[in-house]
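> can't give you the sequence, but here's the structure:
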């Protein structure tokens, strides 16, 4: 999923002849704090509501202060995973998108970006989430995938996180099934530490009851 596919179809842009007051009105209507300033197809910068208030631009035209604002952007072919860190780092609600020849083509809003990212990682799809905890030296994506797929399931998304000042790695897996008892058993057999499991409460209760019944049968042997 690249920037061209994420461009908002409704967010307006500003011109040098627009006033700060107009910019604020549009920002409030679209619930954003930033808007691009564009003349013809030339991207001139990204103005924020803070800029307008700090520089007392409510009654001024934007062209008078354009040289003082920032001008971040991404290219049309950049991936969503490149865009998100840049947008978060700069604390933006809007990210302008430029063609390779620097022509302005549109903007990505943080709201649209969040929605697309949720679709990308399969949050809205049914399935379970498993969090593994392991040493960074033991991490093997191929083995994790083999364990999942050997139990007739698929990985819908996967992400990793290193806790601060730790050699441990948390691996979060979104699986396309909710019956994961066999998957958990296989991970345990391969000496994986399962930090957490998330799925529908009723399914989780059924799984625990099933394990309890098996334990009782074992004690009665």
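Good, I have the coordinates. Just so you know, these numbers come straight off a predicted model, no measurement behind them.
> let me see the contact set for residue 35.
11, 12, 13, 14, 23, 26, 27, 46, 47, 94, 107 (CB atoms under 8 Å, 6 or more residues apart in numbering). C-beta here means a position set from N, CA and C on the backbone, and glycine is covered the same way.
> just the buried ones from the residues you listed, in ChimeraX syntax?
Here is the ChimeraX command that selects the buried residues among the contacts of residue 35 (16 or more other CB atoms under 10 Å):
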select :11,12,13,14,23,27,46,47,94,107
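> from the contacts of residue 35, which land in strands?
Residues of the contacts of residue 35 located in strands (DSSP state E): 46, 47, 94, 107.
> how about the last one, what does it touch?
Listed by CB under 8 Å, 6+ apart, the contact set of residue 107 reads 7, 8, 11, 13, 35, 36, 94, 95, 96, 97.
> all strands of the protein, in order?
Under DSSP E, the chain gives strands at 34-39, 42-48, 74-75, 94-98, 104-109, 129-135, 155-161, 168-175, 193-198.
> give me the sheet partners of the last one and which way each runs.
Translated: strand 193-198. strand 129-135 (antiparallel) (DSSP bridges).
> in the strand it pairs with, which residues are buried?
129, 130, 132, 134.
> return the residues in contact with the closest residue to the third one other than its chain neighbours.
Put plainly, it is residue 132. Counting by CB to CB, 6 or more residues apart in numbering, residue 171 is the residue found nearest to residue 132 once chain neighbours are left out, at 4.4 Å. Contacts for residue 171 (CB under 8 Å, 6+ apart) come out as 131, 132, 133, 134, 139, 144, 158, 159, 160.
> how about residue 3?
Residues in contact with residue 3 (CB under 8 Å, 6+ apart) are 74, 75, 76, 77, 78, 79, 80, 83, 95, 97, 108.
> which of those residues count as buried?
Going by neighbour count (16+ other CB under 10 Å), the contacts of residue 3 have 74, 75, 76, 78, 80, 83, 95, 97, 108 buried.
> quick one: low-confidence residue ranges for the chain.
In the predicted model of the chain, residues 121-124, 200-221 satisfy pLDDT under 70.
> show me it divided up by domain.
By the assignment in automatic domain parsing, the chain contains the domains 3-118, 129-219.
> measure residue 8 to residue 107 for me?
To residue 107, residue 8 is 6 Å away according to CB to CB, to the nearest Å.
> over to residue 79?
From residue 79 to residue 107 the distance is 17 Å (CB to CB).
> break down this structure into its helices, ranges please.
3-6, 20-30, 49-54, 80-89, 110-120, 141-150, 181-189, 201-219 (DSSP state H).
> can I get the ones you listed in TSV with distance to residue 62?
TSV is the format used below for the helices of the chain (distance: least, CB to CB, whole Å):
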stretch	distance to residue 62
helix 3-6	24
helix 20-30	7
helix 49-54	9
helix 80-89	22
helix 110-120	22
helix 141-150	49
helix 181-189	56
helix 201-219	52
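> for the closest residue in space to residue 20 that isn't next to it in sequence, give me its contacts.
Distances taken as CB to CB, 6+ apart place residue 57 nearest to residue 20, at 3.5 Å, with adjacent residues excluded. Taking CB under 8 Å, 6+ apart, we find residue 57 in contact with 19, 20, 51, 64, 65.
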